[in-house]
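A.B. asks: The following block contains a protein sequence and its predicted model.
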Amino acid sequence: MYRRVLWVLALSLVGSFGCSNNGLNLAKVRGKITYDGEPVTAGEVLFMPDDSKGTKGPPAAGSIGSDGTFVMSTEESGDGAIVGVHNVAVIGRDPKPIGKDAVITDNSTDDDVLKAKARTGQVQKKGYQGPTVRDRSGAVYRLVTPENLQNPASSGLSIKVERGSNVKNITIKKDGTSLIE
């Protein structure tokens, strides 16, 4: 009886390998992002399933670590991305916000938001003049990767996620071209 229970348990685990609790066909994805030969030290990566290539399902996202590495997540931390072809967005940013005055919190009033936006403009005029990106907390950061990579529909980056475990390194050149290995 004990062996039969173990056998059934083992078969159920094998049958669910690569699938999430709600039937999504996920595969683990990790990698590293470099820009002009150096690791991107902060930011986000987004995998958007390419419906035109037959990949359907929710997008996957990953945070870029201080060493340039990322792990994709769809439903739970590190669970991966839908198996198939994805359009990719890379938002590489400086790890430190441009200014502490540029932060908007969940408790901010409309007036606070307007003042913070105004301060953000003042910070940019006094210092950095290039492209910026705002995170969920409202902090403004200097963008360190090309602006065209922020939108998965127009970035020109595409990745094929296969069953099992995937390592997808993204190399971004100074001229904005990218290579996925």
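C.D. replies: Okay, I see it. Everything quoted here is computed from the prediction, not taken from an experiment.

A.B. asks: how many other residues sit next to residue 79?
C.D. replies: 18 (other Cβ atoms under 10 Å). All C-beta spots, glycine's among them, are computed from the backbone N, C-alpha and C.

A.B. asks: Need the per-residue pLDDT for it.
C.D. replies: Note on residue 79: pLDDT of 97.

A.B. asks: Can you classify it by secondary structure?
C.D. replies: coil (DSSP: H, G, I helix; E, B strand; the rest coil).

A.B. asks: can you tell me which residues contact residue 30?
C.D. replies: Residues counted as contacts of residue 30 (Cβ atoms under 8 Å, 6 or more residues apart in numbering) are 69-72, 165-168.

A.B. asks: which among the residues you listed end up buried?
C.D. replies: 69-72, 166, 168 (16 or more other Cβ atoms under 10 Å).

A.B. asks: how about CSV for those, with distance to residue 49 added?
C.D. replies: Listed next are these as CSV, based on distance: Cβ to Cβ, whole Å:
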residue, distance to residue 49
69, 23
70, 18
71, 18
72, 12
166, 15
168, 15
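
A.B. asks: Now, those residues that are in helices?
C.D. replies: Secondary structure assignment (DSSP state H) places none of the buried ones among the contacts of residue 30 within helices.

A.B. asks: wait, which of these is closest to residue 48?
C.D. replies: Nearest to residue 48, judged by Cβ to Cβ, of the buried ones among the contacts of residue 30 is residue 72 at 11.7 Å.

A.B. asks: how far away is the closest one from residue 134?
C.D. replies: 22 Å (Cβ to Cβ, to the nearest Å).

A.B. asks: Spell out for me which residue occupies the centre of the chain.
C.D. replies: residue 45 (2.0 Å; Cα atoms, centre = their mean).

A.B. asks: which outside residues touch the one helix or strand it maps to?
C.D. replies: Assigned by DSSP states H and E, residue 45 falls within strand 43-49. Strand 43-49 is contacted by residues 29, 33, 55-64, 70, 72, 81-82, 84-93, 144-145, 152-153, 159, 161, 170 when judged by Cβ under 8 Å, 6+ apart.

A.B. asks: Can you say which of those are buried?
C.D. replies: Here, 16+ other Cβ under 10 Å leaves 29, 33, 55, 57, 59-62, 64, 70, 72, 81-82, 84-93, 144-145, 152, 159, 161, 170 buried among these.

A.B. asks: wait, residue 90 sits on residue 31?
C.D. replies: No. Under the criterion of Cβ atoms under 8 Å, residue 90 is not in contact with residue 31, lying 10.8 Å apart.

A.B. asks: So for the two, which residues contact both of them?
C.D. replies: With Cβ under 8 Å, 6+ apart as the test, residue 90 and residue 31 both reach residue 170.
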